[in-house]
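Student: structure, please.
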Amino acid sequence: MMLEALKNKIEEALPGATVQVLDPMQDGEHLQAIVIYEGFEGKTLIEQHRMVTDPIKDELKGPVHALAIKTKVRE
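Tutor: Numbers count the residues shown, from 1 in each chain. Alright, predicted model coming up:
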């Protein structure tokens with residue numbers, strides 16, 4: 001359920017983005033986000049990652065221990 005909530009928060013912050021939030025370790029603490037978004041065009045990798053993490057910063061302080069992020073520009 002937390003995965004869906006994180007996905008929704010990222011999608012709200014990045015309208016039109018395709019977002020997947022995965023739990024590859026199945027522990028609820030080590031997650032992976034894959035985000036495809038036109039708005040990443042011209043942004044540095046750090047800027048892209050901040051765009052993903054800013055809307056979920058509270059969750060990153062609490063239950064989520066680590067988040068691997070993969071960002072791509074929609075073509």
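
Student: contacts and neighbour counts: CA atoms only from here.
Tutor: Will do.

Student: for Val52, what are its contacts?
Tutor: Ile10, Val35 (C-alpha atoms under 8 Å, 6 or more residues apart in numbering).

Student: quick one, strands of the chain?
Tutor: 18-22, 30-36, 66-72 (DSSP state E).

Student: Gly42 is nearest to which of those strands?
Tutor: strand 66-72 (11.3 Å; C-alpha to C-alpha).

Student: that closest one pairs with which strands, parallel or anti?
Tutor: strand 30-36 (parallel) (DSSP bridges).

Student: would you reformat the strands of the chain as CSV and include mean pLDDT and mean neighbour count?
Tutor: What follows is the strands of the chain, written out as CSV (pLDDT from 0 to 100; neighbours: other C-alpha atoms under 10 Å):
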stretch, mean pLDDT, mean neighbour count
strand 18-22, 98, 18
strand 30-36, 97, 19
strand 66-72, 96, 15
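
Student: out of those strands, which gets nearest to Leu6?
Tutor: Going by C-alpha to C-alpha, the one of the strands of the chain nearest Leu6 is strand 18-22, 7.2 Å.

Student: alright, that wraps it up for me.
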